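Asks: Kindly return the folded structure for what I paste below:
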Amino acid sequence: MPRIQRFEDMEVFQRARELTKGIYQATSVGRFARDFSLRDQIRRCAVSVMSNIAEGFERDGDREFLQFLSVAKGSCGELRAQLYAAVDQRYLTQEQFELLHAQVLQLARMLSGLIHYLRQSGLKGKKFR
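Replies: Below you'll find the model as predicted:
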């Protein structure tokens, strides 16, 4: 299996980026765009997932990467909760909600799988070689 050299090459990062794009699109229209508090918080959560994957990868340490992946997974949970708030306020259609919710769940599963793999693999970051 080829070694990943950049966080941009990781599928989990690419999925987080796509999710963030979808969140920004959904929050840019209608009443959602005017609910500054929820709009900004849900955007921050999506960006947090993507950013924590990137920052953890760049730290070059396995323990730090695991910690940042855990934070990213936590942000997925927060994002799911905010999607419920958005659909309850009718800022999102049921179809939009289901699509975004499914993307967040898939991303959380991917993060869980990566966390599990890294814990079991014995791989060490560059710092600990």
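Asks: Show me the helices in this protein, by range?
Replies: Secondary structure of the chain, counting by DSSP state H: helices at 11-26, 30-34, 36-58, 62-88, 94-121.
Asks: Any chance of CSV for those, columns mean pLDDT?
Replies: Converted to CSV, the helices of the chain look like this (pLDDT from 0 to 100):
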stretch, mean pLDDT
helix 11-26, 98
helix 30-34, 97
helix 36-58, 97
helix 62-88, 96
helix 94-121, 96
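Asks: Quick one: closest of the ones you listed to Ile4.
Replies: Minimum separation from Ile4 across the helices of the chain (C-beta to C-beta) falls at helix 36-58, 8.1 Å. Yep, even glycine has a C-beta here, placed from its N, CA and C like the rest.
Asks: so how far is the closest one off the chain centroid?
Replies: 7 Å (C-alpha atoms, centre = their mean, to the nearest Å).
Asks: quick one: the residue nearest to Leu19 when sequence neighbours are not counted from Arg90, how far?
Replies: Computed as C-beta to C-beta, 6 or more residues apart in numbering, the closest residue to Leu19 that is not its neighbour in sequence is Gln103, at 4.9 Å. Distance of Gln103 to Arg90, given as C-beta to C-beta, to the nearest Å: 20 Å.
Asks: repeat for Asp60
Replies: With distances taken as C-beta to C-beta, Asp60 is found 45 Å from Arg90.
Asks: Compare the two (neighbour count), which wins?
Replies: Each of Asp60 and Arg90 has its neighbours counted (other C-beta atoms under 10 Å); Asp60 has more, 14 against 11.
Asks: Please determine how far the more buried one is located from His116.
Replies: Using C-beta to C-beta, Asp60 is found at 21 Å from His116.
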